[in-house]
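Participant: sequence unknown, structure follows:
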């Protein structure tokens, strides 16, 4: 029953300034800002800046066990022990602001990296020619117009150090689970809200850009009884995670995502029916109202910028997204196809933008101006543009009445039969970081980064390689995994 299940939340919330996790079904909540109070109470020294630009960060002069990452990890471990002593099943969210800028790793982890060995990104010197003007504004917003690679080497040294420090804190939690004898019966999910430009295109942070560094994110699931596997199908991260929790416990709760069970189960017939596109949305939550919708497949990426130049990239020939092909005659067919696919997805999800005639004019009618109607019809038929994007529910959602997904999942547990943990009712821990792009772990092929605990988790579980955030900004992304809705 629900009273036998405990829900705990430790760390960053960033979903609402009026409601806390307790309003969404969590029993216990330790906010991240309580660490700041603890630090002040214990008279710990301030962070040390290493650059005149505050976003570039510095280092934390304290011992690692006094740092934010490890302080939060200790609170998670204490919460698990408390719930275990009560004989309860539990779901715990471990949310951290790390490695969000400004990064302040402790010296132990900072000094692991020689900044002079960090090589320049191939897209660092992007002149942003033929791209939305607002991307130039992004550079001015962060005072980066006079930056050089030496500055970025310092940023990346701190970013990498912060990730390795976070990895060490995650390792503390994993080791505690093993010592308590519950690791094998705990479902562990490791993911993030969005990525970080981290010097690519001479940018930092995220917001109104849809480059891979900002929207392509890591996802690892260690599921009791399910062997290690790498999955390269497209995942819409927060929405699909919400749907997966519901499917895992056969809960009749409609989300705007798709359950990952077909990918977890790995049946070939299921994989053939999986979505062919990934999506991401931005609704102007910072730096002014600028709205975007992104879609990509295995080769092409299209970004619809409603009030600026659209973007089209061939990710096979241009993986660093330097050349905007939206006006290229050679790519007219691909542009029409991607616009059509995006329009179909917006209709399926009842995106408010679709209520405006401007959406159809920009995505469908504008595309028809490229060539004759006969040509366009041939294009759509030959590319099978009667697209199904895998969204099964077309109803409008009553957001105010939707309860917390994972609370309902645990209290109505009835897992699908192929999972060996069906009768064991596993505990759940969701580790949700902030601003970690897909390459920010060594298991993903980053030879410069040291993340042994994340790698071990990936080797014990399923690592998804084509995961895209619901939105490249924290608030909406985190809200989507709580509600199962696009925010």
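Facilitator: On my side now, so go ahead. Computed from a predicted model, the values in this text were never measured in an experiment.

Participant: Number of residues surrounding residue 107?
Facilitator: When neighbours are defined as other CB atoms under 10 Å, residue 107 has 15 of them. All C-beta spots, glycine's among them, are computed from the backbone N, C-alpha and C.

Participant: OK, contacts around it?
Facilitator: 59, 60, 61 (CB atoms under 8 Å, 6 or more residues apart in numbering).

Participant: what's the answer for residue 105, then?
Facilitator: Going by CB under 8 Å, 6+ apart, residue 105 touches 59, 60, 158, 161, 162, 164, 165.

Participant: Tell me which stretches of the protein form strands.
Facilitator: Ranges of strands within the chain are 5-11, 28-31, 48-49, 58-59, 89-95, 186-192, 216-222, 229-236, 278-283, 291-296, 300-305, 311-314, 427-433, 462-468, based on DSSP state E.

Participant: now the first one and strand 427-433, what's the angle there?
Facilitator: When you say that, I think you mean strand 5-11. 20 degrees (axes from the mean of the first three to the mean of the last three CA atoms, to 10 degrees).

Participant: strands paired with strand 5-11, and their directions?
Facilitator: strand 28-31 (parallel), strand 89-95 (parallel) (DSSP bridges).

Participant: Please state the mean pLDDT value computed over the shortest one.
Facilitator: I take that to be strand 28-31. Mean pLDDT, strand 28-31: 98.

Participant: So for that strand, what gets flagged as buried?
Facilitator: 28, 29, 30, 31 (16 or more other CB atoms under 10 Å).

Participant: who touches that strand?
Facilitator: Outside strand 28-31, the residues that touch it by CB under 8 Å, 6+ apart are 6-11, 13, 20-22, 72, 75, 79.

Participant: how far does it sit from the chain's center?
Facilitator: 22 Å (CA atoms, centre = their mean, to the nearest Å).

Participant: go on, the last one?
Facilitator: Here the centre of strand 89-95 is set off from its chain's centre by 18 Å, with CA atoms, centre = their mean.

Participant: contacting residues for residue 358?
Facilitator: Residue 358 touches residue 306, counting by CB under 8 Å, 6+ apart.

Participant: so where's the protein shaky on pLDDT?
Facilitator: For the chain, residues meeting the criterion pLDDT under 70 lie at 1-3, 249, 268-270, 366-424.

Participant: Have a look at it and report its longest helix.
Facilitator: helix 149-179 (DSSP state H).

Participant: Counting by contacts, list what that one packs against.
Facilitator: Secondary-structure packing of helix 149-179 (3 or more CB pairs under 8 Å, 6 or more residues apart in numbering; DSSP states H and E): strand 58-59, helix 68-85, helix 107-110, strand 186-192, strand 427-433, helix 452-460.

Participant: Make CSV from these and add distance to residue 287 to it.
Facilitator: As requested, the helices and strands packed on helix 149-179 are exported to CSV (distance: least, CB to CB, whole Å):
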stretch, distance to residue 287
strand 58-59, 24
helix 68-85, 26
helix 107-110, 29
strand 186-192, 21
strand 427-433, 23
helix 452-460, 31
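
Participant: Relative to residue 49, which of these is closest?
Facilitator: strand 58-59 (4.2 Å; CB to CB).

Participant: Show the buried residues in the contacts of residue 107.
Facilitator: Buried among the contacts of residue 107 by 16+ other CB under 10 Å: 59, 60.

Participant: Distance check, residue 202 against residue 24.
Facilitator: Distance of residue 202 to residue 24, computed by CB to CB, to the nearest Å: 39 Å.

Participant: And stretch 293-311, end to end?
Facilitator: 11 Å (CA to CA, to the nearest Å).

Participant: meant to ask about stretch 348-357, not that
Facilitator: 16 Å.

Participant: what does stretch 312-327 give?
Facilitator: Start-to-end, stretch 312-327 (CA to CA) is 9 Å.

Participant: Please identify the buried residues of that stretch?
Facilitator: 312, 313, 314, 320, 321, 322, 324, 325, 326.

Participant: hmm, back to that, out of the buried residues of strand 28-31, which comes closest to residue 133?
Facilitator: residue 31 (38.6 Å).

Participant: Make TSV from the buried residues of strand 28-31 and add distance to residue 481 to it.
Facilitator: Shown next, in TSV, are these (distance: CB to CB, whole Å):
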residue	distance to residue 481
28	19
29	16
30	19
31	18
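
Participant: ok, so of these, who is nearest residue 86?
Facilitator: residue 28 (11.6 Å).

Participant: List the beta-bridge partners for the closest one.
Facilitator: Here residue 28 sits in beta bridges with residue 8, as judged by DSSP bridges.

Participant: Okay, it and residue 479: tell me how far apart.
Facilitator: 21 Å.

Participant: Could you do residue 40 as well?
Facilitator: In this view, residue 40 and residue 479 are 30 Å apart by CB to CB.

Participant: More neighbours: which of the two?
Facilitator: For residue 40 and residue 479, the more surrounded residue by other CB under 10 Å is residue 479, and the numbers stand at 21 against 10.

Participant: State the distance from that one to residue 285.
Facilitator: 11 Å.

Participant: cool, and residue 104?
Facilitator: In terms of CB to CB, residue 104 sits 25 Å off from residue 285.

Participant: Counting neighbours, go ahead and name the busier of the two.
Facilitator: residue 104 (24 against 17).

Participant: What are the phi and psi values at the more buried one?
Facilitator: Main-chain torsions, residue 104, degrees, to the nearest 10: phi -130, psi 70.

Participant: contacting residues for it?
Facilitator: Residue 104 makes contacts with 47, 48, 57, 58, 59, 60, 158, 162, as judged by CB under 8 Å, 6+ apart.

Participant: hey, what's the second one bridged with?
Facilitator: In this structure, residue 48 has beta-bridge partners residue 59, where bridges are defined by DSSP bridges.

Participant: what's near enough to touch it?
Facilitator: 58, 59, 60, 61, 104.

Participant: again, 7 Å this time
Facilitator: Residues in contact with residue 48 (CB atoms under 7 Å, 6 or more residues apart in numbering) are 58, 59, 61.

Participant: What's the separation between it and residue 154?
Facilitator: 13 Å.

Participant: Can you tell me which of the contacts of strand 28-31 are buried?
Facilitator: 6, 7, 8, 9, 10, 11, 13, 21, 72, 75, 79.

Participant: so which of the residues you listed comes closest to residue 332?
Facilitator: For the buried ones among the contacts of strand 28-31, the nearest to residue 332 is residue 13 (45.7 Å; CB to CB).

Participant: I figured the closest one hits residue 23, correct?
Facilitator: No. Residue 13 is beyond contact range of residue 23, at 10.4 Å (criterion: CB atoms under 7 Å).

Participant: I'm done for today, thanks for sticking with me.
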